[in-house]
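> this is a predicted model, with the sequence first.
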There are 2 protein chains.
Amino acid sequence: MDYKFADCISTLQPSLIREFFKYNGVPGIIPFSAGNPSPESFPAAEIAEIAKDIFADHALTALQYGITEGYAPLRETLRNFSKDRYGIGTESDELIITSGSQQTMYLATKVLVNPGDTVICEEPSFVGSLNAFRSFGANLCGVPVDSDGINIEKLEEALTTQKNVRFIYTIPNFQNPSGITMSLEKRKALYELAKKYGVMILEDNPYGELRVTGEDVPQIKSLDKDGIVIYAGSFSKILAPGVRVGYCVAPAPVVAKMTVGKQVSDVHTPVFSQILVDEWMKRYDIDEHINKIRDMYRSKLNLMCDLVEEKLLDYVSYTRPEGGLFVWCKLNDNIPMAEYCRKALDNKVTIVPGSAFLGDMTATTQCFRMNFSTPSDEAIVKGVNILADIAKEY
Amino acid sequence: MDYKFADCISTLQPSLIREFFKYNGVPGIIPFSAGNPSPESFPAAEIAEIAKDIFADHALTALQYGITEGYAPLRETLRNFSKDRYGIGTESDELIITSGSQQTMYLATKVLVNPGDTVICEEPSFVGSLNAFRSFGANLCGVPVDSDGINIEKLEEALTTQKNVRFIYTIPNFQNPSGITMSLEKRKALYELAKKYGVMILEDNPYGELRVTGEDVPQIKSLDKDGIVIYAGSFSKILAPGVRVGYCVAPAPVVAKMTVGKQVSDVHTPVFSQILVDEWMKRYDIDEHINKIRDMYRSKLNLMCDLVEEKLLDYVSYTRPEGGLFVWCKLNDNIPMAEYCRKALDNKVTIVPGSAFLGDMTATTQCFRMNFSTPSDEAIVKGVNILADIAKEY
C-alpha cells in the first residue's frame, strides 16, 4: 500500500536529539548531546518507599481510571506550590496535570493553532517544542536571543509583520539550548508586547529550579493580570523524567479546551505517577532536595565552563549560564559547524549541531550545544579537551 | 482576553461519559453509566510485588527518560504475545507502546487524517474514539451495526459515496456500546472492501479477552497480508486502566509516523508503567488471570441480561452480548429516550443516552447503554428493577 500521511506530519522528522539517544549508552562515547538529568539526582529510595505505600494504601485509586484534569490532591498541592513559590495562578486560572510538560506545548498548540497560523519562538529554541508546533502546521517565526533574553525590537517587528500570531513561546530560565536567562526588564517588555498585540505567551519552565548562581527572576506568569500566559511546569528535572508528570497553569477557558484535547489523546496521566509526585511533595523537603541537585550541577557546570574558558575560547564565543543543563557555544567563522560536529562524533564526543534548534530548518548557524548533567566529571574533562584538539586543526 | 480556539477543537465537547464520572462515587447512585473495569479484577497484590522489585532492580531505568517507541523488553514481549495469541504481526509491521489504547486512535488520526477527510465508523461507536477523530477535523460517516457486526452493504455504499476516506474504525469484539461481535465472514468482507477501495482499517480490541460465552473469532489484523490494518491492543481491561499502557501493531511506515507524533505529544509512556506490564506478563499466567476476570464478568453479565430479559423486554429490544462490559438496549418507540435517561438519573440510576455514541451528533436514537462491571450485584438487581418501573409509566 502507498501510505499517504496528513499534511502536517508528512515532512516532520524525529528530533535529532532523540536520535542521538542511541549513542548515550554506548561504551566509550562521551554524551555531551544528552539532555537527561543526572540519575544521581533521582530520590530513588524515597520513591521506592512511596511506591510501596501507594500500593498498600491507594492501590485501587492508582489502578483505576482517573479524571482527565488530574488527580485532585495533586492539583491542589500544585495550585498551592505554584502560588506560594512563584506567585502564579489567579482566580481566572486553572491547573491541569499533563503527561510531562511536553504535553503542555502540544495541547496549547492543538487548541490554539490552525495550520498556517504563526508561533513566535526564540531562535534558537527547544526542538521538542518546535516539532510540536510544526505537527499542527504552525508557521514558526524565530526571534534572536541576546545575552539577557529575547531581542525585544525584533520581537515587536515579528508581531507587526507576521500574520495570525497565536502565541510567543519562551523558555525564560536557562533557555534550551542557549543557557540564557531573560532579565526581569525583558520579561515585562515581552508581556506588554504580547498584551498590546493580543497574542498569548507560552512560558516553559523546566529548568527554573536548576539555578547554580545569581538571583531568581520572577516568572512571566506572575505578571499575568490579563489572562494571556500559559505556564508549563515540570518534574522531569527536579524529581524524575520517567514518571512523565508536568502541569499547566493557564486561563480557565484555555485549560478547559486543553482538557478536551487531553481526553482524546491519552484520557489521563497514569494515576500512580500522579500520586507519587503528590506524596513526594507532601513528605519531603523539596528545597533540601533541590539544593542537593544544585550543588551537583554547580560543580558540573563550573567544571565544563572553566574548561571551555580555558581551552576553547580561542575558537568559540559563549555566555556562561547561571543554571540549567546546557552550554551553548558559537564557533568562529573559520570552523564549519556541521563538519566540526561530525569530527567530534568520529572522536566519540557527541555534541548537537545548533541547526537542530532553529525554527527555519534551512537556516544555518555556527553554534552547537553541550550538556553537563549526563557525562561523568572525567568525561567532561576528556570531552572538552578533545573538542579543543579538533578546533586547533582549523 | 477573547480566546480564539483552533477550528478542529472549538466545537468539541468533553465526552458525556467522562462527564458522568462525577456520579460514579456518589453514595446511593447506581452507576450503569460507567465503563470502568471492576476493581476486583486488578491483580493488586502482584502489582505491589512487582513495583517493589522495579524500584529495587530497575529504579534508574524506571525514572530516567526512555525512548518514544517504548521499553524494549516490553515491545519484544508484546510482539511475541500478539503473534502467538492472535497471529498478528508480519515482517512489514512494527509495534509501538502507547499511553493507553486511546492514544493509538489519536495518533493514527494525527498521521492519516487532514481536516475534512472521512473516517468511517460503526454506528453507534465509542465516543472517545469519535472525539479523537473529530479533534483533527475528520468528517465522520456512520455505518449501522447488525447483530453480527457492521452492515457490509452500507459499508460499501459509504466507501463509494464518501470522499477521501482514510480508514474504517471498528471494534470487532463486544463492541462499545452495542456489545455486538463481528462474525468472521464479515471481518473477511470488511477486509476485502478496505483493500478494494484502498483505505486502511483501524481495529480497536480493548474487550477481546472478556469473552464469557461462545468461540473466539480471529482478529482482522490476522488477515492482513496487504499492510492495511492498524491494530490497537490494551491492558486497561485485563490488567488495570490506571497504568495507561496500550500497544499498536501496524505497518512500519505508519508506526514510524506515529512515533514522531508521540514524540511531540508525550515523549514516551512512563517507564515504570511499561516495566510493570512487562514483568506482569513474564511472571504470571495471563490465562489464569483472564479466566478469573471472565468468571467474574460472566456472572455479572448473566445477572444483568437475565434481569433485562425478565423485566425489560416489554419495553426494549436488545442483543445479548457474548462478553465485554456493556448491554445496549433499544427503547420501544413510545418511550422518549432522553426523557427516560433523565428519569433514570432522577431515580439514581445513571445510564448513557445512545446519542453520545453517534458520529452524527444531530441524529437521534432510541438506545441507551448500561455497564455491568462497575455496579455491585445488588445494585444491578435494584437498578434494572428501577428501569423497568420507569418504563411501565409509559
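Yep, it's here.
> from here on, just use CA atoms for contacts and neighbour counts.
Fine.
> in space, what's closest to whatever residue of the stretch 1-150 of chain A ends up closest to chain B - neighbours in sequence excluded?
Residue nearest to chain B within the stretch 1-150 of chain A: residue A:63 (4.2 Å; CA to the nearest CA). Leaving out its chain neighbours, the residue that sits closest to residue A:63 by CA to CA, 6 or more residues apart in numbering or on different chains is residue B:242, at 4.2 Å.
> the one you found contacts residue A:58, doesn't it?
No. Contact between residue B:242 and residue A:58 fails when scored by CA atoms under 8 Å: they sit 11.8 Å apart.
> which one of those two is surrounded by more residues?
residue B:242 (25 against 14; other CA atoms under 10 Å in any protein chain shown).
> which residues touch the more buried one?
A:61-66, A:270-272, B:236 (CA atoms under 8 Å, 6 or more residues apart in numbering or on different chains).
> buried subset of those as a ChimeraX selection?
In ChimeraX, this line selects whichever of the contacts of residue B:242 come out buried by 16 or more other CA atoms under 10 Å in any protein chain shown:
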select /A:61,62,63,64,65,66,270,271,272 /B:236
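> ok, now how distant is residue A:162 from chain B?
Relative to chain B, residue A:162 is positioned 17 Å away (CA to the nearest CA, to the nearest Å).
> so the closest residue to that residue other than its chain neighbours bridges to which residues?
Nearest non-adjacent residue to residue A:162, counting by CA to CA, 6+ apart: residue A:118, 7.1 Å away. Bridge pairing for residue A:118 (DSSP bridges) gives the partners residue A:139, residue A:165.
> and residue A:118, how many neighbours?
Neighbours of residue A:118 using other CA under 10 Å come to 23.
> kindly report the same for residue A:279.
19.
> quick check: closest non-adjacent residue to it.
residue A:50 (6.9 Å).
> so how far is residue A:349 from residue A:375?
10 Å (CA to CA, to the nearest Å).
> out of those two, which sits in the more crowded spot?
residue A:349 (25 against 21).
> quick one: residues contacting the nearest residue to the more buried one once chain neighbours are set aside.
Leaving aside its sequence neighbours, residue A:349 sits nearest to residue A:30 (CA to CA, 6+ apart; 4.7 Å). Residue A:30 sits next to A:24, A:348-350, A:375, A:379-380, A:383 when contact means CA under 8 Å, 6+ apart.
> identify, from these, the entry nearest to residue A:252.
residue A:24 (40.4 Å; CA to CA).
> contacts made by stretch A:316-325 with the rest, please.
A:35, A:37, A:147, A:173-175, A:179-181, A:207-208, A:210-214, A:297-298, A:301, A:305, A:327-332, A:371-373.
> chain B contacts on the stretch 51-200 of chain A?
A:51-52, A:55-56, A:59-67, A:99-100, A:102-103, A:106-107, A:110-114, A:128-129, A:131-132, A:135, A:198 (CA under 8 Å from any CA of the partner chain).
> sorry, back to before: where does the residue nearest to residue A:63 sit: helix, strand or coil?
helix (DSSP: H, G, I helix; E, B strand; the rest coil).
> look up how far residue A:268 lies from it.
8 Å.
> any common contacting residues for these two?
Joint contacts of residue B:242 and residue A:268 (CA under 8 Å, 6+ apart) are A:65-66.
> buried ones in the helix or strand residue A:387 falls within, by neighbour count?
Taking DSSP states H and E as the criterion, residue A:387 maps to helix A:377-392. Buried residues in helix A:377-392, counted by 16+ other CA under 10 Å: A:379-380, A:383-388, A:390-391.
> identify the residues contacting residue A:189.
Counting by CA under 8 Å, 6+ apart, residue A:189 has contacts residue A:152.
> hang on, the earlier thing: want to try CSV for the contacts of residue A:30, with pLDDT as columns?
Shown next, in CSV, are the contacts of residue A:30 (pLDDT from 0 to 100):
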residue, pLDDT
A:24, 70
A:348, 95
A:349, 96
A:350, 95
A:375, 92
A:379, 96
A:380, 97
A:383, 98
